[in-house]
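Engineer: pasting the structure only:
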């Protein structure tokens, strides 16, 4: 992963063709994995889950806890991810969930926060750390 580069892509490719490196590559891959409907990738029908589906079904405190577990399990499918700690907070008024994820990677670790509602997913913050 050292020196890894990719086109910037959270939910869609950056129109300007911007590139990202290392920690941001991993962070964006994590976001795509939890925002891509399962079965959408032609070569991996087990890839992905959709946080938006959880929101559309209606959130409860129990569902928030279940979502945290589902995200963790989904992220661990990526060979670059050793483990992930997921914290989610549901805003009942805004109908938006804020998800904070600490990803322990094979070569580096990232901490990211995103906000997801019924329409969009916004990557709010990414910090990169060297893996232990």
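Structural biologist: Sure thing, it's come through. Owing to the predicted nature of the structure, the values given are computational and were not obtained by experimental measurement.

Engineer: I'd say residue 84 and residue 105 touch.
Structural biologist: No: contact criterion CB atoms under 8 Å: residue 84 and residue 105 do not qualify, at 9.3 Å. Any C-beta I mention is one placed from the backbone N, CA and C, and that applies to glycine too.

Engineer: which strand or helix spans the residue sitting nearest the centre point of the chain?
Structural biologist: In the chain, the C-alpha closest to the average C-alpha coordinate belongs to residue 31, at a distance of 2.5 Å (CA atoms, centre = their mean). Element membership of residue 31, judged by DSSP states H and E, is helix 22-35.

Engineer: list of residues touching the helix or strand just after that helix?
Structural biologist: Using DSSP H and E, the helix or strand that follows helix 22-35 towards the C-terminus is helix 51-57. Contacting residues not belonging to helix 51-57 are listed as 34-35, 37, 63, 67, 70-71, 95-97, 99, 116-118, 121 [CB atoms under 8 Å, 6 or more residues apart in numbering].

Engineer: contacts only, for the spatially closest residue to residue 37 that is not a sequence neighbour.
Structural biologist: Of all residues not flanking residue 37 in the chain, residue 50 sits nearest, at 4.9 Å (CB to CB, 6 or more residues apart in numbering). Residue 50 is in contact with 34, 35, 36, 37, 38, counting by CB under 8 Å, 6+ apart.
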